[in-house]
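Novice: this is a predicted model, with the sequence first.
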Amino acid sequence: MRKIQMVDLKSQYDKIKDTVNASIQEVLDTTTYINGPLVHEFQKNLEEYLDVKHVIPCANGTDALQIAMMALDLKPGDEVITADFTFAATVEVIALLQLTPVLVDVDMINMNISIDAIKKAITPKTKAIVPVHLFGRAANMEAIMAIAKEHNLYVIEDNAQAIGANCKFSDGTKKKAGTIGHVASTSFFPSKNLGCYGDGGAIFTNDDDLAHKIRGIVNHGMYVRYHHDVVGVNSRLDSIQAGVLNAKLPFLDAYGKARQDAARKYSAAFEGHKNIIAPSICDICDCHVFHQYTLRIIDADRNGLMEHLLAKGIPCAIYYPIPLHSQKAYADSRYKEEDFPVTNQLVKEVISLPMHTELDDEQIQFITDSVLEFLNK
């Protein structure tokens, strides 16, 4: 059996190395390292894939979130609602811009931001909602957009983990995650479903004026060289990373299907087990692209299971071990533990198993057998 990786980037690269290498060589030969033709080509190809009017590449996913908020002209003290159960980057940029983070609980079934919690958190100071499409599963964007419309709020989608996922609406229509809110961000960190070989990110919007402002912000506030029209930052996707992403983009749907197939095999092995709640996935699932495959371990030793798997050479991880409201940097007297019952339960139960495009049946069998071995002893 091949060595099990949490994310097997080497095997993925081996299948597309000729295209990747040719793209990198093109950049080296032309020395168009910043804002070269491959950056613009990737931008156009991603716009077409997502069916969104504007993709603005940038240096990383955290920058993408920050720049999206900068472009909306939010003011210090404005309240921004987001999920308590996610990576810190989401709340980090809110605090950096001197906005007021409002952390709320998540839904127990899909682990995405709770619709009821959003409604309860809205005040006259609320200006925006940041839903996170966690672990690759699309949040309930139809409900979130309805709330935003009712209260005149911006919606900034954090799509770092769910590029390629679809959001289905009650009228039967579908839109790609990241194309529904007023603006969205994504990350191309190497382990993402669409990942480069360094740092990278992008911002999406269908708003022409907002896109124009964002294009200035990412380039020191310039539209014409040395003319600084808005306060900006230096955040550009380099051409080598764009070449890598351009080579991978045609395979994104196939990558998603491979992850979904692996998830089905995992969940079939765990079906009905009293100590496991596995992610749900239907036969035609396209709302979840499984950036992570995350179990809930109930009435059993989650930490002991992790030690057992690691001892057998099976990588695994806990995303996320500490709620954001309990982090020193974001602690606030406004938060009460009783406001976060789901998050506080999830951090004690979740464990993520290896998930990537190159998992084979032998590896999945070994992983699932090892999980069941520990829980059945």
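Specialist: Happy to help now that I have it. Note that the structure is a prediction, hence the values are computed from the model and not measured. Numbers count the residues shown, from 1 in each chain.
Novice: max-length helix in the protein?
Specialist: Longest helix in the chain, counting residues (DSSP state H): helix 9-30.
Novice: what average pLDDT does that one get?
Specialist: Taken as a whole, helix 9-30 has a mean pLDDT of 97.
Novice: stretch 234-254 now?
Specialist: 97.
Novice: can you give me the end-to-end span of it?
Specialist: End-to-end distance for stretch 234-254, by C-alpha to C-alpha, to the nearest Å: 33 Å.
Novice: following the longest helix of the chain, which helix or strand comes up?
Specialist: Heading C-terminal from helix 9-30, the first helix or strand you meet, by DSSP states H and E, is helix 37-50.
Novice: kindly format the C-alpha coordinates of that next one as PDB.
Specialist: Provided in PDB are the C-alpha atoms of helix 37-50 (Å, rounded to 0.1, in the frame of the first residue of the first chain):
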ATOM      1  CA  PRO A  37      -0.300  36.600 -19.600                       C
ATOM      2  CA  LEU A  38      -0.900  33.500 -17.600                       C
ATOM      3  CA  VAL A  39      -2.500  35.500 -14.800                       C
ATOM      4  CA  HIS A  40      -5.000  37.100 -17.200                       C
ATOM      5  CA  GLU A  41      -5.600  33.700 -18.900                       C
ATOM      6  CA  PHE A  42      -6.400  32.000 -15.600                       C
ATOM      7  CA  GLN A  43      -8.600  34.900 -14.500                       C
ATOM      8  CA  LYS A  44     -10.700  34.600 -17.700                       C
ATOM      9  CA  ASN A  45     -10.900  30.800 -17.400                       C
ATOM     10  CA  LEU A  46     -12.000  30.900 -13.800                       C
ATOM     11  CA  GLU A  47     -14.600  33.500 -14.600                       C
ATOM     12  CA  GLU A  48     -16.000  31.200 -17.300                       C
ATOM     13  CA  TYR A  49     -16.000  28.200 -15.000                       C
ATOM     14  CA  LEU A  50     -17.700  30.000 -12.100                       C
END
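Novice: now the angle from the helix or strand following that helix to helix 37-50?
Specialist: Note on helix 37-50: by DSSP H and E, the next helix or strand toward the C-terminus is strand 54-58. For strand 54-58 against helix 37-50, the angle by axes from the mean of the first three to the mean of the last three C-alpha atoms, to 10 degrees is 140 degrees.
Novice: which strands and helices lie in contact with strand 54-58?
Specialist: Using 3 or more C-beta pairs under 8 Å, 6 or more residues apart in numbering; DSSP states H and E as the contact test, the elements touching strand 54-58 are helix 37-50, strand 201-205, helix 208-217. Just so you know, the C-beta spots here come from the backbone N, C-alpha and C atoms, and that holds for glycine as well.
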